[in-house]
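# Can you look at this prediction? I've put the sequence above it.
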Amino acid sequence: MPLGAEEGTARPRKAPADRPAGGPASGPGEAGAATGHAASGPGAGGPAPGGVADGPLGVGLPEGVRFIGPEPGAVAAWPFPDPPDPADIASCVACGLCLPHCPTYRLTGEESASPRGRIAAMRAVAEGRAEVDATFTRYMDLCLSCRACEHVCPGHVPFGRLMEHARAQVEPLRPPAQRLARWLGIEVVLARGWLVTLATVLLGPVRPLLPRRLRAMAPRVRLRDLARRLPRVTEPDGPARGTVLLLAGCVQDRWYRPVNRATIAVLARNGWRVVVPPGQQCCGALAAHHGRLDAARRLARRNLAPFAGDHPIAVNAAGCGAHMKEYGQLLGDEAGDLPARVHDLMELLDRHDLQGRTAAPFASVAVHDPCHLLHAQGIAAAPRRVLGQVPGLELVEVADGDRCCGAAGLYGVLEPETAGELQAQKAAAITASGAPAVAVANPGCAMQIAAGLAERGADVEVLHPAELLDRAYRRAAGQVVGKVR
Ligand code: SF4
Ligand code: SF4
């Protein structure tokens, strides 16, 4: 059955999964285990002293009744391998607490544009009551994968993982032209550093031909930055604290190489010997977000050897860091301890006080929280603690700072209307902060925010926190680093 109005995506609310077992069911189909069914007979468990269940949820209830979870005997209608895990789907109890935090639900007010609605749509397919059709595809496409829902979900529903696997079902059904464009961009170009470099070089001449939105977002890359490679090894200033391996990134290294240089400089100032391992590739985040899970696995595998060893891995792009921390989900045991060694740059610097003298390059700076730093990695305090050590630099919060800026990988290009609305809101909030600069630790957000600020004619500089710190060091050393505002 196609996913349509009768079935909808808004299913009736289920009883909370943590309701004490043995209590009265609230209605037909509302009782049973959160991920299973009621126990099959009396005496299979029951309330412990004090009324709290010590056996499986649902014991004592009639056989077959369920609180929520996979329908017994249901045959899933997923058309391809790698579908969402039924246990992940079942972990959503449809409480709706995530709804006010979801940017697409806030914009549309539609259940189908909410996390709960999207999971309900996945459940319908998993139980064979709906198909992966145009309606299902639309529900998934409008999601930003910002994971704001995951961050606030009391049940820790792994929404990011669910969405990646739902998109793995959608991708092969797209029209051939779309599949070709995505394959070329994500699997061919991003997977080959030299092609990313070539695309960057060509960006200059073709810029006038690009659609307006793309033209506004694509950064102006200086060819001399592109020509100067990153040093393989940078020795620390003073006694070594240890060696750190740096993920240079694909887009990050071609479009924002000065950010990587600043990252190396700041790490070296803080006692780290910085190695940029040769042979590293795109981390595969974009491939995973777009449901190209085989490509994401290939890319992840190619990074295992370059990042082998026991050194920490520093990542300065929020989306890449979040993805590498989850290599275990893609590769299982093959990922080894790599995910545990991945640290966001600010997380790493936050382990110790900043070394050496710094001086504020701006009177104040607004702090932007990229979704894949705040929601996916749960990092908010570290950047503030690190930047807060620069004397004279006031950190300014951005109103509704936990809301996505609309960049979200290729979302800004694929869903221009929603992305544009979120971009305008973010640019307005940053401008209202009154800060002359904004710290942004993700290349997609940096492009989106810079374009949004330019659209408003706002004179606010977009900088990576590493660039801000690097300027602070150079300013303390008496170097000219632009006007102080
Ligand atoms: S995803 Fe989490 S917060 Fe949202 S409805 Fe499901 S259980 Fe509730
Ligand atoms: S990932 Fe973001 S856009 Fe998608 S459902 Fe969750 S909160 Fe909404």
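Cool, got the structure. Ligands and ions are numbered 1, 2, ... in the order given.
# Around ligand 2, which positions in the chain sit nearby?
Residues of the chain found near ligand 2 (CB under 6 Å from any ligand atom) are 101-104, 115, 118, 143-149, 159. Heads up, the C-betas are built off the backbone N, CA and C, glycines and all.
# Mind telling me what element the spatially most central residue of the chain is part of?
Computing the C-alpha centroid of the chain and ranking residues by CA atoms, centre = their mean puts His372 first, at 3.3 Å. Element membership for His372 (DSSP states H and E) is helix 371-374.
# Glu150 now?
Going by DSSP H and E, Glu150 is part of helix 148-152.
# Tell me the helices and strands packed up against that helix.
helix 159-170 (3 or more CB pairs under 8 Å, 6 or more residues apart in numbering; DSSP states H and E).
# picking up where we left off before, can you list the buried residues in the helix holding Glu150?
Going by neighbour count (16 or more other CB atoms under 10 Å), the buried part of helix 148-152 is Ala148, Cys149, Glu150, His151, Val152.
# would CSV of the residues you listed with pLDDT be doable?
Below are the buried residues of helix 148-152 laid out as CSV (pLDDT from 0 to 100):
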residue, pLDDT
Ala148, 97
Cys149, 97
Glu150, 96
His151, 93
Val152, 96
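# Contacting ligand 1 as well, which ones from the residues you listed?
Okay, of the buried residues of helix 148-152 touching ligand 1 (CB under 6 Å from any ligand atom), that's Cys149.
# who touches Arg174 in this structure?
Thr137, Arg182 (CB atoms under 8 Å, 6 or more residues apart in numbering).
# Just the CA coordinates for the helix holding His372, please, in CSV.
Only the C-alpha atoms of helix 371-374 are listed here, as CSV (Å, rounded to 0.1, in the frame of the first residue of the first chain):
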residue,chain,number,x,y,z
CYS,A,371,24.6,20.4,14.3
HIS,A,372,27.2,17.6,13.9
LEU,A,373,29.2,19.1,16.7
LEU,A,374,26.3,20.0,19.1
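# For the helix or strand just after that helix, give the mean pLDDT please.
Remark: after helix 371-374, the chain's next helix or strand is helix 381-387, criterion DSSP H and E. Computed over helix 381-387, the mean pLDDT rounds to 98.
# other SSEs contacting helix 381-387?
Packing partners of helix 381-387 (3+ CB pairs under 8 Å, 6+ apart): helix 345-349, strand 364-367, helix 465-476.
# mind running it again at 6 Å?
Secondary-structure packing of helix 381-387 (3 or more CB pairs under 6 Å, 6 or more residues apart in numbering; DSSP states H and E): helix 345-349.
# What is the burial count for the residue in the stretch 251-400 of the chain positioned nearest to ligand 1?
Residue nearest to ligand 1 within the stretch 251-400 of the chain: His375 (12.7 Å; CB to the nearest ligand atom). Neighbour count for His375, taken as other CB atoms under 10 Å: 26.
# Start the count at 5 instead of 1 going forward.
Taking 5 as the first residue, the last one we looked at is His379.
# and it, what is it in contact with?
Residues counted as contacts of His379 (CB atoms under 6 Å, 6 or more residues apart in numbering) are Arg151, Ala152, His155.
# Mind checking what secondary structure Gly100 has?
Here Gly100 is coil, with the state taken from DSSP: H, G, I helix; E, B strand; the rest coil.
# Narrow the residues of the chain next to ligand 2 to those in helices?
Counting by DSSP state H, the part of those found in helices is Pro107, Thr108, Pro119, Arg122, Ala152, Cys153, Phe163.
# Now do the same contact list for the fifth one.
Residues touching Ala152, when contacts are defined by CB under 6 Å, 6+ apart, comprise His105, His379.
# what does the lowest-mean-pLDDT helix or strand in the chain contact?
Least confident helix or strand, the chain: helix 216-221 with a mean of 80, by mean pLDDT, DSSP states H and E. Residues outside helix 216-221 that contact it (CB under 6 Å, 6+ apart) are Arg211, Pro420, Met451, Ala455.
# Look at the second one and say how many residues are nearby.
Residues contacting Pro420 under the criterion other CB under 10 Å number 16.
# show me the contacts for it.
Neighbours of Pro420 in contact, by CB under 6 Å, 6+ apart: Arg217.
# So what does it have for phi and psi?
phi -60, psi -30 (degrees, to the nearest 10).
# The longest strand seen in the chain pairs with which strands, parallel or anti?
Criterion DSSP state E: the longest strand present in the chain is strand 246-251. When pairing is defined by DSSP bridges, strand 246-251 lines up against strand 276-279 (parallel), strand 317-319 (parallel).
# C-terminal to it, what's the next element?
The first helix or strand that comes after strand 246-251 along the chain, using DSSP H and E, is helix 255-259.
# next one: that next one to chain centre, how far?
Taking CA atoms, centre = their mean, to the nearest Å, one finds the center of helix 255-259 at 18 Å from the center of the full chain.
# what packs against it?
Using 3+ CB pairs under 6 Å, 6+ apart: helix 255-259 touches helix 197-210.
# rerun at 8 Å
Helix 255-259 sits against helix 197-210, helix 261-273, helix 447-460, with contacts defined as 3+ CB pairs under 8 Å, 6+ apart.
# Not counting that helix itself, show me its contacts.
194, 197, 200-201, 203-204, 222-223, 225, 230, 234, 263-264, 320-321, 324, 447, 451.
# rerun at 6 Å
Val200, Thr201, Thr204, Pro223, Val225, Asn264, Ala321, Pro447.
# can you pull the contacts of Leu303?
Counting by CB under 6 Å, 6+ apart, Leu303 touches Gln285, Cys286, Gly288.
# Check Ala462 too.
Counting by CB under 6 Å, 6+ apart, Ala462 makes contact with Thr435.
# element containing Met126?
Assigned by DSSP H and E, Met126 belongs to helix 119-130.
# Which among the contacts of helix 216-221 count as buried?
By neighbour count, with 16+ other CB under 10 Å, the contacts of helix 216-221 hold Pro420, Met451, Ala455 as buried.
# export these to JSON lines and tack on pLDDT and distance to ligand 1?
Putting the buried ones among the contacts of helix 216-221 into JSON lines (pLDDT from 0 to 100; distance: CB to the nearest ligand atom, whole Å) gives the following:
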{"residue": "Pro420", "pLDDT": "91", "distance to ligand 1": "27"}
{"residue": "Met451", "pLDDT": "94", "distance to ligand 1": "29"}
{"residue": "Ala455", "pLDDT": "94", "distance to ligand 1": "31"}
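# from the residues you listed, which single one is nearest Val346?
Within these, proximity to Val346 (CB to CB) peaks at Met451, which comes in at 23.2 Å.
# burial count for Leu213?
Other residues close to Leu213 by other CB under 10 Å number 8.
# Kindly report the same for Ile93.
25.
# Mind pulling up the pLDDT for it?
Ile93 is given a pLDDT of 95.
# can you pull the contacts of it?
By CB under 6 Å, 6+ apart, Ile93 lies in contact with Met126, Arg127, Ala130.
# in the helix or strand where it lies, what's buried?
Here Ile93, judged by DSSP H and E, is contained in helix 90-94. Of all the residues in helix 90-94, those buried under the rule 16+ other CB under 10 Å are Pro90, Asp92, Ile93, Ala94.
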